[in-house]
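A.B. asks: Sharing a model that was predicted from the sequence below.
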Amino acid sequence: MGQILSVKTKQANLHLDISNTLPDDNSILIGRAWRDERVPGPSVILVLKEIAYDITGSFPTVSHFFESPGLWDWNKLKNRHESLGNIEAIIENTLIENRINELPYLLAPCDLQPIKACGVTFVVSLIERVIEEKAKGDPKQADNIREQLSQEIGKNISSIKPGTDDAEKLKAKLIEQDMWSQYMEVGIGPDAEVFSKAQILSAVGHLAHIGIHPGSNWNNPEPEIVLAINSQGSILGATLGNDVNLRDVEGRSALLLGKAKDNNGSCAIGPFIRVFDSNFSLEDVHSAVITMSISGEDGYHLSAQSNMENISRTPADLVEQVINENHQYPDGLVLFLGTMFSPTDDRDETEQGFTHKIDDVVKISTPNLGALINVVGYTNEIPRWDFGVGDLMKNLSLRQLI
């Protein structure tokens, strides 16, 4: 899959490189696609060797699939269920400007699972959150604060393991220097920051529009790996995510985290969940390098990489903090692991830093998981979220799947 897909929208010419959407090796992928059949609705799809199979008859939801790992016989599944043909055609039909509604198109690859996220799991992210807090959401103050913080605490924090005696000693020292912050508490303290990123079924998928609140003037994407976890706490797969963030809103107050994080189109997940097997495991997640690019219609281009080996808490530790004897998830969950990406270069005006513009194209990729591509729009102008849990239950019932 190596073509460049070019489309004309109301605002601009977009040139979307949809190559490398799929992982670069032999992988087992689970996703969702909307099918406009007798009763239109979402289907669970299995992708093997670039051929998609509708397995909804065996697993009505992706949550059902991950709750049934003992029933994963790939040959039986593909032989028992309808082939939808090459996945490339479904991917190309997903972009709304090119879509033929009668043909399948991709959705986010999760459904009934709560969408949770971990924050400040990388030192770079920790420092940027402290900057937001001390700048009170004003990007003009960021550079001076960043320089001061990097000199005072950057080197110390990068070598500290959260929750250890060394972390407690550093905490005491930073309190003495009046440098302590609530973000440092979750960055190097014993308890990770875990929050609800988005509502069940509200995530958008590959080639969908992601949403920026029209009242925000300082925001950015957050490229992350997202784990698929079942109700028993077993980590069974991984995908890519964009934890779209309003820096000015959270910077005004951490109590505005919900407004900064949970808006229409503010959570993108996809393109598929890659199932763990002998070719791909949690160790591959921990060693992954995530590449992200942002391309704007103004000619702007940014490219950066995040190395998961720099994460301050292991993925397994984060999962154990989220689902345990004190907190259950009967439908499983998906978990964002955090990002080290915080763009600081000025895009337009001096001391304004980076912020999105409408029609920015954001591409997040890593060879083992493929690429997640989205286009930026305002939350009140992009497609509304209008298919909730009740709609899904009615839909599956009408299709005699539950």
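C.D. replies: Thanks, I have it.
A.B. asks: From here on, just use CA atoms for contacts and neighbour counts.
C.D. replies: Noted.
A.B. asks: Just the pLDDT at residue 101, thanks.
C.D. replies: Listed pLDDT for residue 101 reads 90.
A.B. asks: Setting aside sequence neighbours, what's the nearest residue to it?
C.D. replies: residue 36 (6.8 Å; C-alpha to C-alpha, 6 or more residues apart in numbering).
A.B. asks: Now do the contacts for the one you found.
C.D. replies: Listed by C-alpha atoms under 8 Å, 6 or more residues apart in numbering, the contact set of residue 36 reads 101-104.
A.B. asks: I'd like the secondary structure assignment at the most centrally placed residue in the chain, please.
C.D. replies: Residue closest to the mean C-alpha point of the chain, counted by C-alpha atoms, centre = their mean, is residue 241 at 1.6 Å. Following DSSP: H, G, I helix; E, B strand; the rest coil, residue 241 is assigned to strand.
A.B. asks: okay, residue 179: pLDDT?
C.D. replies: Here the pLDDT value assigned to residue 179 is 69.
A.B. asks: quick one: the residue nearest to residue 101 and residue 103, what's the gap?
C.D. replies: Counting by C-alpha to C-alpha, to the nearest Å, the gap from residue 36 to residue 103 is 7 Å.
A.B. asks: What of residue 380?
C.D. replies: 27 Å.
A.B. asks: Please apply the same query to residue 259.
C.D. replies: 35 Å.
A.B. asks: Contacts for stretch 329-337, please.
C.D. replies: Looking at what lies outside stretch 329-337 - C-alpha under 8 Å, 6+ apart - the contacts are 63-64, 66-67, 110, 112-119, 121, 224-233, 241, 243, 315, 318-319, 323.
A.B. asks: how about a cut-off of 7 Å?
C.D. replies: 63, 112-118, 224-231, 315 (C-alpha atoms under 7 Å, 6 or more residues apart in numbering).
A.B. asks: go on, stretch 110-119?
C.D. replies: By C-alpha under 7 Å, 6+ apart, stretch 110-119 touches 61-63, 192-201, 331-338.
A.B. asks: now, which of these lie within helices?
C.D. replies: Those of those mapping onto helices are 62-63, per DSSP state H.
A.B. asks: List only buried entries from the contacts of stretch 110-119.
C.D. replies: When burial is judged by neighbour count using 16 or more other C-alpha atoms under 10 Å, the buried members of these are 61-63, 192-201, 331-338.
A.B. asks: any low-confidence regions in the stretch 51-200 of the chain?
C.D. replies: 124-125, 129, 132, 137, 148-159, 179 (pLDDT under 70).
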